[in-house]
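*Asks:* sequence below, structure please.
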Amino acid sequence: MKNLNKRFSLHEVRQISRRFSNYGIKQMGFLLLGSPGETKKSVEESLVFADSIKLDDLKITPGVRIYPHTLLAKTAVEKD
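*Replies:* Just a heads-up that it's a prediction; the model follows:
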C-alpha cells in the first residue's frame, strides 16, 4: 500500500468494513496486483485480508496503471 501511496491502514479498512456490515451495506473490494515491490507473499497477504473482511464481491486486477510524474512512476523507473 505504501508503494501505491495509500493513506490508510488495513486496521482502518477493517473497521470501516465492520461498520458497513453492521448496517447491511454491501461491499466490493478491489485488489491491484503486480505493482512495483509486489511479491508472492504480499499477494497472498492481500488475498487473506480481502477474505477476512467478508466482501460481497472482489475484483482482482493484474497490473496497475502508472501515471507520469508520480511516486509510483519514479519507483518503477528506478526498479527497471
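*Asks:* for A73, give its distance to R65.
*Replies:* A73 is 10 Å from R65, where distance means Cβ to Cβ, to the nearest Å. Glycine gets a C-beta too; all of them are placed from N, C-alpha and C.
*Asks:* so which of those two has more stuff around it?
*Replies:* Each of A73 and R65 had its neighbours counted (other Cβ atoms under 10 Å), and the higher figure belongs to A73 (13 against 8).
*Asks:* in the worst-scoring helix or strand of the chain on mean pLDDT, what counts as buried?
*Replies:* Every helix and strand in the chain was compared by mean pLDDT, DSSP states H and E; the lowest is helix 71-79, with a mean of 79. By neighbour count, and taking 16 or more other Cβ atoms under 10 Å as the criterion, the buried residues in helix 71-79 are 72, 75-76.
*Asks:* likewise stretch 18-29?
*Replies:* Within stretch 18-29, the residues that qualify as buried are G29, counting by 16+ other Cβ under 10 Å.
*Asks:* give me the distance between the two termini of it.
*Replies:* Stretch 18-29 has an end-to-end distance of 14 Å (Cα to Cα, to the nearest Å).
*Asks:* gap between that stretch and the chain center?
*Replies:* For stretch 18-29, the distance between its averaged C-alpha position and the chain's averaged C-alpha position is 17 Å (Cα atoms, centre = their mean, to the nearest Å).
*Asks:* no further queries at this time; thank you.
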